[in-house]
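Novice: please find the sequence and the predicted model below.
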Amino acid sequence: MVQPVFDAALLSGQADIPSQFIWPADESPTPDATEELHVPLIDIGGLLSGDPAAAAEVTRQVGDACEQHGFFQVVNHGIDAELLADAHRCVDAFFTMSLQDKQRALRRPGESCGYASSFTGRFASKLPWKETLSFRSCPSEPDLVVDYIVAALGEDHRRLGEVYGRYCSEMSRLSLEIMEVLGESLGVGRAHYRRFFEGNDSIMRLNYYPPCQRPNDTLGTGPHCDPTSLTILHQDDVGGLQVHADGRWRSIRPRTNAFVVNIGDTFMALSNGRYRSCLHRAVVNSRVPRKSLAFFLCPQMDKVVSPPGTLVDEANPRAYPDFTWRSLLDFTQKHYRADMKTLEVFSSWVQQKQQQGQATTTTA
Ligand SMILES: C=C1C[C@]23C[C@@]1(O)CC[C@H]2[C@]1(C)CCC[C@@](C)(C(=O)O)[C@H]1[C@@H]3C(=O)O
Ligand SMILES: O=C(O)CCC(=O)C(=O)O
Ligand SMILES: [Fe+2]
């Protein structure tokens with residue numbers, strides 16, 4: 001079989017799409033679903049510095065949302081509007097380059113960073129209608145992002161690297177603030193999760209969804225729960241993010257000044273299953289490209305993911321085994337395509353390995 005190359009410049013205008021991009025009927029997209037999911041809008045600046053009674057009410061709202069579906073939005077986040085606009089302009093600048101130029105940053109098999117034009121070499125079916133550029137970001141290595149971009153794309157792209165370097169450090173700051181709120185809402189105190197993630201080893205991903213003439217047959221990002229800890233997403237004004245809540249797909253309307261935040265599988269494990277990592281996806285459209293910026297907060301690779309003792313008791317026994325982010329990341333890159341069951345399947349795999357006496361919380 002000839003492997004399809006996802007060259008958006010060619011495919012976007014075509015009436016037919018290669019069969020590998022067609023998703024089965026039971027996962028069929030509903031790009032026109034108009035029902036919205038209303039998620040709480042959290043004024044994060046006010047929350048952390050404002051009056052205690054108001055803060056307690058907002059913390060409760062975050063807790064409720066995380067117990068129901070794990071999605072909320074933050075405003076008054078302190079991210080400079082010009083930096084955000086620049087980050088979106090740089091997405092356009094990168095993805096409108098020629099396929100050959102983008103492929104200088106090609107993502108290699110088994111790796112989670114680099115440029116992927118769909119996943120034509122990685123999966124055989126249910127290919128996503130998107131291009132992505134992913135890279136690591138760690139607060140302890142301030143030049144990591146710019147050095148990666150310059151090494152992959154050349155000196156001409158230094159400014160792009162600087163923009164995302166700044167953007168990622170703001171995302172890390174915001175994630176730690178959100179961790180304070182999550183800790184407070186779970187009754188473990190503001191410091192617990194903040195400390196856990198202070199030395200995070202996160203992934204930044206730029207998503208670019210070219211137009212598709214068959215938007216009812218394919219998906220930009222298939223249904224999945226994020227295996228990571230917390231996702232902070234900014235979508236442009238096109239729309240396309242859908243969440244599966246109360247048994248149906250509902251969209252989250254874009255808001256220029258808001259970030260969409262959702263709990264990932266790793267945080268679900270850190271909360272002993274109290275907070276939900278919820279199924280979501282992205283649909284495409286036939287008119288315009290869509291962009292989103294996703295910052296995936298992840299623990300340091302070898303830190304043991306284990307809930308605080310106060311969240312475990314007789315009524316709430318351990319929901320998941322201890323694991324490291326390294327082993328879960330490896331699982332999603334080499335053994336299992338992340339979907340709605342990742343944490344469940346991964347947990348069984350860890351338990352099986354433990355029974356066989358093989359470690360999954362070390363690098364071995
Ligand atoms: C660790 C990760 C794997 C994926 C990127 C991410 O950083 C977090 C989300 C994961 C993903 C988006 C879930 C849907 C399937 C996937 C293959 C994709 O469509 O991009 C996933 C990512 C991956 O590259 O494995
Ligand atoms: O592009 C979007 O709106 C969602 C993307 C997403 O869910 C992901 O990259 O994990
Ligand atoms: Fe996601």
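Specialist: Arrived safely. Ligands and ions are numbered 1, 2, ... in the order given.

Novice: okay, now the nearest residue to residue 265 once chain neighbours are set aside: neighbour count?
Specialist: Nearest residue to residue 265 in three dimensions, chain neighbours excluded: residue 343, at 4.1 Å (CB to CB, 6 or more residues apart in numbering). For glycine as for every other residue, the C-beta is placed from the backbone atoms N, C-alpha and C. A count of nearby residues for residue 343, using other CB atoms under 10 Å, gives 22.

Novice: state the helix or strand in which residue 343 lies.
Specialist: Secondary-structure assignment from DSSP states H and E places residue 343 in helix 342-355.

Novice: what is that helix packed up against?
Specialist: Judged by 3 or more CB pairs under 8 Å, 6 or more residues apart in numbering; DSSP states H and E, helix 342-355 is in contact with helix 265-270, strand 323-324, helix 325-330.

Novice: closest to ligand 2 out of those?
Specialist: Taking CB to the nearest ligand atom as the criterion, helix 265-270 is the member of the helices and strands packed on helix 342-355 that comes nearest to ligand 2, at 11.6 Å.

Novice: next structured bit after that closest one?
Specialist: The helix or strand immediately downstream of helix 265-270 is strand 280-282, counting by DSSP H and E.

Novice: is that next one positioned near ligand 2?
Specialist: Yes. Using CB under 6 Å from any ligand atom, strand 280-282 reaches ligand 2 at 280, 282.

Novice: partner strands of that strand and their direction?
Specialist: Strand pairing for strand 280-282, determined by DSSP bridges: strand 221-224 (antiparallel), strand 241-245 (antiparallel).

Novice: show me what the shortest one is in contact with.
Specialist: Okay, so that is strand 221-224. 23, 27, 126, 128, 130, 207, 244, 279-282, 338-340, 342 (CB atoms under 8 Å, 6 or more residues apart in numbering).

Novice: what do you get for stretch 295-306?
Specialist: 137, 167-168, 171-172, 175, 196-197, 199-205, 226, 228-233, 264, 266, 269-270, 322-326, 328-329, 361-363.

Novice: still on that earlier bit, tell me the one among the contacts of strand 221-224 nearest to ligand 1.
Specialist: Closest to ligand 1, out of all of the contacts of strand 221-224 and judged by CB to the nearest ligand atom, is residue 338, at 3.8 Å.

Novice: list the contacts of the closest one.
Specialist: 224, 225, 226, 227, 332.

Novice: go again with 10 Å.
Specialist: For residue 338, the contact set (CB atoms under 10 Å, 6 or more residues apart in numbering) comprises 222, 224, 225, 226, 227, 228, 264, 265, 328, 331, 332, 346.

Novice: do the same with residue 348
Specialist: 321, 341.

Novice: what's the local residue count around the closest residue to residue 210 other than its chain neighbours?
Specialist: Of all residues not flanking residue 210 in the chain, residue 8 sits nearest, at 3.7 Å (CB to CB, 6+ apart). Around residue 8 there are 22 other residues, counting by other CB under 10 Å.

Novice: show me where pLDDT drops low in this protein?
Specialist: Along the chain, segments meeting pLDDT under 70 span 1-5, 359-364.

Novice: can you give me the helices for it?
Specialist: Under the criterion DSSP state H, the chain contains helices at 8-11, 44-49, 52-68, 81-95, 99-102, 144-153, 158-185, 191-197, 265-270, 325-330, 342-355.

Novice: let me know which of the ones you listed is the nearest to residue 215.
Specialist: helix 8-11 (12.8 Å; CB to CB).

Novice: bridging residues for residue 205?
Specialist: Beta-bridge pairing for residue 205 (DSSP bridges): residue 134, residue 294.

Novice: test my guess that it contacts residue 232.
Specialist: No. Assessed by CB atoms under 10 Å, residue 205 is found out of contact with residue 232, at 11.2 Å.
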